[in-house]
Structures are given as C-alpha cells and as structure tokens.
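1. Build me a model:
(2 chains)
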Protein chains: 2
Amino acid sequence: MPQHLLTNFITYIAGQRLFDPSQRILLAVSGGVDSVVMAHLFKQAGFSAGIAHCNFQLRGEESLRDEQFVQQLAATLDIPLYTTRFDTTAYTQRHNVSIQVAARELRYQWLEEVRQREGYSHLATAHHMQDSVETALMNFCKGTGIAGLHGILPKQERIIRPLLFADKDILVAYAALHQINFVEDSSNITDKYTRNFFRHQIIPRMQEVFPAAVKNMDNSIQRMREAEILYQESVARHRKRLLFKKDNTWMIPVLKLQQTVPLQTVAWELLKDFGCSVAQLQQVLQLLHSESGRYVETGTHRIIRNRAWLLITPVEQADAPIHVIDSPSENVRYDNGQLHFREQERGQAAIPTAAELAWLDAARVSFPLILRKWKQGDYFYPLGMPKKKKVSRFLIDQKLSLPEKEKVWVLESAKRIIWIVGMRIDDRVKITSGTKNILAIALKNRD
Amino acid sequence: MPQHLLTNFITYIAGQRLFDPSQRILLAVSGGVDSVVMAHLFKQAGFSAGIAHCNFQLRGEESLRDEQFVQQLAATLDIPLYTTRFDTTAYTQRHNVSIQVAARELRYQWLEEVRQREGYSHLATAHHMQDSVETALMNFCKGTGIAGLHGILPKQERIIRPLLFADKDILVAYAALHQINFVEDSSNITDKYTRNFFRHQIIPRMQEVFPAAVKNMDNSIQRMREAEILYQESVARHRKRLLFKKDNTWMIPVLKLQQTVPLQTVAWELLKDFGCSVAQLQQVLQLLHSESGRYVETGTHRIIRNRAWLLITPVEQADAPIHVIDSPSENVRYDNGQLHFREQERGQAAIPTAAELAWLDAARVSFPLILRKWKQGDYFYPLGMPKKKKVSRFLIDQKLSLPEKEKVWVLESAKRIIWIVGMRIDDRVKITSGTKNILAIALKNRD
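-> Residues are numbered from 1 along each chain as shown, chains lettered A, B, ... in the order given. Here you go, the predicted model:
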C-alpha cells in the first residue's frame, strides 16, 4: 500500500538502526522516481537532509534537464542542494576505465567529499528491494557462497539504503498518489547490461509463475542474512580450533583439518586470509596427503607441510624487495623508476592532478615509509571513496593487464597504504582545509 | 566432455558414498535419455543393477512404445527388468489427487516394493544437475531458508541420485557419442508446469548472459550444502544454550532469547519442533515483551510467558480426546464412527483395497493401540513409499479441505502411526509374504 510507505520507511530506518533522527543525511538524487520519492520521504518524516546530484554530461540536453529538475525539487522541498558536473568521457580516457566504472568512481568520490565537507553523517542511496533481489539472483547465477545471497546491505560504513524494504511498484504508486514528478531514471548508466537484462527479461518471467517472486526472493535474502550470521559463528569456532599462532608462523594441525566437516568451506575461510586463491585451495588440500616439505605459495604466504602440521609463514622479505625510506630527504631508486620527496608549506598552489604526483598532508604521514609491491589482501581508501577497497579490486577496475599489475608498487606509512604509486593516493592522507604542510612525492620513470 | 562421463560417474558415486560396488541397485528407467544413459553407465561401470519401468497408461500407444523400448534396453544390457502398468486415471479419481501426485505415489510405492522384494539396496533415479538447479531456483523464488537452496540431495534414505554431478547436455552428448537410443522423456508427466517453465523459459534466458549459469548455480548449491552444515552447528549450540527441559516442560530464558542474534532464525529453529508455524512465530516473539500469563497455542504445545521464562508444555490430553484400545476384541466408537477389529489367518483371501478396510500384519502390531486426532509433527511411512512423510503433507496431497483435515484420526501402535484412519496404512505394518496372521480393521461410519 503506497499509503503506508512513509510509516514503513520510518519503521525500517529505526528497526535497522540506519541513523539517528538527529543526524543529517546526504541523499544521492538522480531525479529518477526512486531517489525523488526518497527525498520526499525524508522531508515528510522530518529528517534533516541535503540533496546531491551529479551531472555526468553523457546525454547532452537530457543531462541538463535532469540537473534542472533536481534543482527545482530541492527548492520545492526546501532542502540544501549540491550539484557538480563531470567530464566523464575524459575520465574514462585518462584512467582507461569503462563509463560505468568512471561514473561510479566520480560519483562516490564527490558524494563522499560533499558529505565530509558539509558535515552529513551518512550518504543515502535509493536502492530498493528489486535492486537487492537482482544482485542476489545474479550472484547465484555467477556461482557464490552464502555471502553472495544476502543482496544489497542496508548499511555499509557511511552508506545507507533506507528504501531496501520497498518494492519498486510501491515507489511508483506513491509518486502517482502524491503527484510527485520525476525524470526518467538516469542511474541506469551506472548499471550494467546484465542487470537490465535480469530486470526486464528474467524477473518478469519469474513473476508469470510466481507473482510474488520479488517479495519472496527478498524474503529468502532476509533469511540468508540471518543464516550468514550463524554460519560466521561456526567459522569463528573452527578458526579457533584449527589455527594457532607461534611467533611469525600460523599452524594448522593436519589430522584435525582432514577430519573437519565441511572441509572445503572451512579450509577456504581459514586460508583466504593468507592470500590463497580458489584454485590454490585444492593444492593446499593436497598437502594434507603429501609428505613433509611440500608447499604451496600464495601471493603473500608459504603454506608448508611439516609432519603433522601445515605451517603458514609470510613470504620471505628477500623474495619481495622492500625499500625503507627514513626521511623526506631521501630519493629512492626502485624497479619502476625513482621517487622524489619534498616537504613544503601548503600555500596557494593548486593540488596537482597528474597521477605521478602525490601531494599528501605531511602531518598524517609518519616516517619511515615502506615502498613495496602490492600483494593480495592489501586494501586502501581510494581518494574520495567512502569505504575501503581491495587493491586487487582497484587494479581490476583500472583495467590493468596481468603484467601491468605485477609492476604495481605501494607506499606505506605506519602499516597503512598511502599511495598506489603513480595511480591513486589514500583518502586518509589527502590535503584538507586543515593541512599546514605538504609531503610532495614525484614518480620519475627510469630513464 | 562426454568421454569422461563414466569416470566422473564412478568418482561421484565413490566420493559421495552413494553405495558400495558390491551392492545391487534398482534403476528407475522411463526410457528417456537421462535414465537410459544412467542404465548404460551402471552396465559400463560393472555395477550390479536391475531396471524398473512404470507404465502409467496415460498416453496410449506412446506409453506402450516406451515400455517396449525399456524391455529391449534391459535385454540388450542383460539386466533384470521389472515392469508394471498403472490405471493412473482411476487412482486420481479414487484418491482425489492430481495426475502428478498419483503418478508420483504409484511410482514410488511400486518401486519401493520391487526394491524390497528383489533385494536391491537402493533405488537410483536419474536426476541431473539441471533438475537440482531448477529446484533451488524455484525455492529461491518461492521464499526459502538455507535448506531450500541446497537443491536435490545425492542421497536420501534409500534413494540415490548418481547423475547429479552431470549437466543434461553431457548426458545427451554421451548418448550421441555411443549411439544410445532413447525415447522422448515421459518423466515430465510427474513434473509440474512451473518446473517446465523454469527449464524452458527462464534458465535459457539466464544462459544468454551467463553461458555457464547452470554449472555456476550448481556451484552455488554445493557451497550452500556446506554452509548449511556450519549453520546447523550454530543452531545446535544456540539450542543447547536456550532450551532446557524439566519434567514434561521445556523452558527458554526470555532475556537470553531477546539478546540472541539472529533472533528470528534462532527462534524459528527452536520453536518449529513444538508445532509452531511461521505465522505463530511472530506471536511467540511478542511474548518476549508481554506480561506473565500470556500464551500462544500451537497444534501440539502451549508456549506460556511466565516471568523470566517461556514455558513450553504439551497441550493437555483433556483437550485432545484419545481412545485406548487394549485388545482386538474391542470395538471402538468415536467421533467419526466405529472401528471393528478382528484377527484372522492369512489364508488366500485377496487384500482389500477399500480405504475403510485396513489389513495389517498382526505380528507387527502391538496392543494397546491409541486412536487420536492427527497433529502437526506426525509422520508415517505411507504404504509402499520408500521414505517417511509428514501427515500434514500427506493430507495436502490428498487435497483435503481444512474442515476435512480436522476430522482426520490416526491409529498408533507403540508410538508409531499404523493407519491414517480410512485413508492409508503404514508401510511397516503391511502384509508381506511372511505374514501369518492378519489384524483386520474396519471403519463403519456413524449411522
């Protein structure tokens, strides 16, 4: 019932503890029906909100029309508005990424910037039940474990999705009931072909035989989220039972692991933290039946059969060259070229955008720095992104080839990655209005 | 690769421990490609097998053609053959069930009879990966927990599915490679419209975007089976932590349950064993916030809020009338009529098929008998079925209306149901070739 949407909306936010009514929320509004209804609901509920709109300038007049529409919406609802325009096409070329990746990165970087700068506690997106169901169903088709079936989550770090409880049809009906205008949803540009295919070709066919298919699948998803909690409880117990640490080495008793049921899943949960890939898992399980001395090497660790134990040790530093930089007065020569360091006052200079220059807030960087190759398990907060990201994932999105990936180095300070060298700095060390001194690093390629 | 099908088949049977190579397996063979390839694989592997074929006589000449085809197959493979013909249409009318239910019941009853009589250890059906994936996907669309996503299981009591590892396409390719003939699969008559819709309309569309969708979904299913084991481990721990028994009463501490995460799923797993339905679960959870004395009554138990505890007690016997029958010389008058008991020698008389007459093996029935209404949680082994069935499920398949269901009584011996009165006897007390004396029970309706 669209009449109950507002009540259900408030109830959902409270039940899922998405935010406290005293907090200010930044709403990502494209102008499509979902995000426009979300803005109206925030207003109706009396929550304090601002609207942020990105113009990707990909559809000419239409992009402009959407921007103007959202301006009018903000004025009507009397809510602060933040807009920006991106040269999305230039970004795809500069970073060699697809339109989808470009739009997503630009959008989240900017939204997070606005959120922090303007003091909003969370960023709200208008994902609804249908979106979540599509995600779970696509994951099921791609092959997934229990985590892949929990759909889109209501809350992840600073992002909240307060419309996940609502069926798309209800949102449309609510807009009709209250004569709310909207534009054709432009958010689809960040969607993939596959999602639209599921949305328009597959799910409607499911609804022919199960009219409540979307609601039912959402129900399955809810139950899967709860099942996942119980699953993780058991995994934690198996980890405690099977994994022991001694100095720098982790140890797993062979016999105990052999007898563990279910072996595949428990072994995977234990070993993935040590850089083990899905393919390598089977090699490691073969160690359970091999003689002493055999080993498997992951990106980060060596897993060695040693009598009754599997020993897991970090790959020796000799294998993975590391440069220690003790002070900004050093320049460093390494495989890919040289790094030059310089400290300077903030001043009025514009922050350079060139990828080979990193300007960091000197107060947030502490020496010594470590320069090393990236490895599986590494993560960082890409500049402007609201949540952490695996470096492996970041490199995929950057469309690097395998040989290119192997040449990627990272710079660490106090065990945190501060720069994917030549590509992207970490958000936590970026220059802000409070920055006094800058650590400027320049990558000069080997001549 | 169809070339590797035989190896994969033998490996799968060994890996899943479906049966021991020394055991004899009865194969359910319709004549369709799946079951015919299964028969060939058993022969090629050198396993000892027999073929059983049911002619449902639903498609005239075509049914006869299939029967003859399977006769020829058995002769070619030099494997024992058992065939039967059913008057399926008459069965649907007599038992007021659908063609699908009739065919399934007749089939499994007869197959189990043959299996027992001829001394086969297991019954093998030719379900393959595609069947399993369809089942899981349909369950996801209907709304399900983790158990609904494990697909068709490789082994359930006496039934095994040794082709679950195989994609349908591989079976077809194997038949082509080895020039194996088959008839159009008639097993579809036991399939529902919905399954065929998923098979022909939905999954092929998924394969347009994910060509490996079936294999991928099967992979998801495998992982879900393992995840389910870990899930059940956690459920068992919560049960131990939350459920205490004192005399005839189970007790759950309110505060501990309130604080349990995830509440819905854990509460459901604890309470479903006490006859609690999905709808009642929410009522029970409301008891966590109610005053003492409030209660919810399930089909079998009363769940009472009593200060810091939920108390779970069986519904008082006074509420549910029970008749105790001490010897076969008694006749019993009850709500629905009278039961007359008589003991007699086996003799040559044909076993009556009328639903109001139950002829049981007297040696397998021990007095006193209990006559009572059926209740949630009851189960029995319907005559001729290879596995136990919930009475609730049986009554649904019999298409009884709610008022009709409420009038169903069962007869118990030594805490086992031996007769759903006026409907179906239990397989474990049926007359066999070893029966010496018969306990004949007749239901006479109230005049």
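
2. got the residues of the stretch 151-300 of chain A near chain B?
-> Residues of the stretch 151-300 of chain A found near chain B (C-beta under 8 Å from any C-beta of the partner chain) are A:193-194, A:197-198, A:201-202, A:205-206, A:208-210, A:213, A:215-217, A:219-220, A:223-227, A:229-231, A:233-235, A:237-238, A:261-262, A:264-266. Where you see a C-beta, it was placed from the backbone N, CA and C, and this is true even at glycine.

3. Those residues in helices, which ones?
-> Of those, the ones assigned to helices by DSSP state H are A:193-194, A:197, A:205-206, A:208-209, A:213, A:215-217, A:219-220, A:223-227, A:229-231, A:233-235, A:237-238, A:264-266.

4. Next up, phi/psi of A:Y82, please.
-> Torsion angles at A:Y82 (phi, psi; degrees, to the nearest 10) stand at phi -130, psi 130.

5. Am I right that it is in contact with A:R115?
-> No. Using C-beta atoms under 8 Å, A:Y82 makes no contact with A:R115, being 9.5 Å away.

6. who has more neighbours, these two?
-> More crowded of A:Y82 and A:R115, by other C-beta atoms under 10 Å in any protein chain shown: A:R115, with 23 against 19.

7. Might you report the residue contacts of the more buried one?
-> A:26, A:122-123, A:158, A:386 (C-beta atoms under 8 Å, 6 or more residues apart in numbering or on different chains).

8. and if we set it to 10 Å?
-> Listed by C-beta atoms under 10 Å, 6 or more residues apart in numbering or on different chains, the contact set of A:R115 reads A:24-26, A:28, A:50, A:52, A:82, A:121-123, A:158-159, A:386.

9. A:P368 too?
-> A:323-327, A:330, A:412-414.

10. Could you work out the most separated pair of these?
-> A:E330 and A:A414 (17.6 Å; C-beta to C-beta).

11. Got the confidence number for the residue lying closest to A:L149 once chain neighbours are set aside?
-> Nearest residue to A:L149, sequence neighbours excluded (C-beta to C-beta, 6 or more residues apart in numbering or on different chains): A:M224, at 4.4 Å. pLDDT recorded at A:M224 is 95.

12. Run a quick neighbour tally on A:M224.
-> 25.

13. ok, it - contacts?
-> Here A:M224 is in contact with A:136, A:146-151, A:231, B:140, B:144-146, B:149, B:224, B:227, B:265 (criterion: C-beta under 10 Å, 6+ apart).

14. Now intersect these with the helices, please.
-> Checked against DSSP H, the contacts of A:M224 include these in helices: A:136, A:231, B:140, B:224, B:227, B:265.

15. phi, psi of A:L26?
-> Torsion angles, degrees, to the nearest 10, at A:L26: phi -90, psi 120.

16. right, and it touches A:L123 too?
-> Yes. Between A:L26 and A:L123 there is a contact under C-beta atoms under 10 Å: 5.0 Å.

17. joint contacts of the two?
-> A:52, A:111-112, A:114-116, A:158.

18. Pull the most distant pair out of the residues you listed.
-> A:A52 and A:R158, at 13.3 Å, using C-beta to C-beta across these.

19. what about the two, which has more around it?
-> Neighbour count, other C-beta under 10 Å: between A:A52 and A:R158, A:A52 has more, with 25 against 16.

20. dump the residue contacts of the spatially closest residue to the more buried one that is not a sequence neighbour.
-> Nearest non-adjacent residue to A:A52, counting by C-beta to C-beta, 6+ apart: A:Y82, 4.6 Å away. Applying C-beta under 10 Å, 6+ apart to A:Y82 gives the contacts A:26, A:50-54, A:74, A:110-111, A:113-115, A:117-118, A:120.

21. Repeat that for A:G31.
-> A:G31 neighbours (C-beta under 10 Å, 6+ apart): A:39, A:53, A:55, A:63, A:65-73, A:181-187.

22. Among those, name the ones in strands.
-> A:53, A:55 (DSSP state E).

23. Look at the residue in the stretch 1-150 of chain A positioned nearest to chain B and say how many residues are nearby.
-> Per C-beta to the nearest C-beta, the residue of the stretch 1-150 of chain A with the smallest distance to chain B is A:G143, at 3.7 Å. Look at A:G143: counted by other C-beta under 10 Å, it has 20 neighbours.

24. Not counting its neighbours along the chain, what's nearest the residue sitting nearest the centre point of chain A?
-> For chain A, the residue sitting closest to the mean C-alpha position, by C-alpha atoms, centre = their mean, is A:K389 at 4.9 Å. In space, and not counting its chain neighbours, A:K389 is closest to A:P382: 5.5 Å by C-beta to C-beta, 6+ apart.

25. That neighbour and A:S401, how far apart?
-> A:P382 is 20 Å from A:S401, where distance means C-beta to C-beta, to the nearest Å.

26. what residues does the stretch 1-150 of chain A put near chain B?
-> Residues of the stretch 1-150 of chain A lying close to chain B (C-beta under 10 Å from any C-beta of the partner chain) are A:133, A:136-149.

27. Strands of the stretch 51-200 of chain A, residue ranges please.
-> Per DSSP state E, counting those that start in this stretch, the stretch 51-200 of chain A carries strands over the ranges A:81-85, A:122-124, A:155-156, A:159-160.

28. So which of those is nearest B:Q283?
-> Proximity to B:Q283 (C-beta to C-beta) singles out strand A:155-156 among the strands of the stretch 51-200 of chain A, at 28.8 Å.

29. now that closest one, how far from the centre of its chain.
-> 11 Å (C-alpha atoms, centre = their mean, to the nearest Å).

30. Same check on stretch A:202-217?
-> 29 Å.

31. which residue ranges form the helices in the stretch 51-200 of chain A?
-> Taking DSSP state H, counting those that start in this stretch to define them, one finds helices in the stretch 51-200 of chain A at A:61-77, A:88-95, A:99-118, A:129-142, A:168-177, A:193-197.

32. Show the average pLDDT along the shortest one.
-> I take that to be helix A:193-197. The pLDDT scores in helix A:193-197 average 85.
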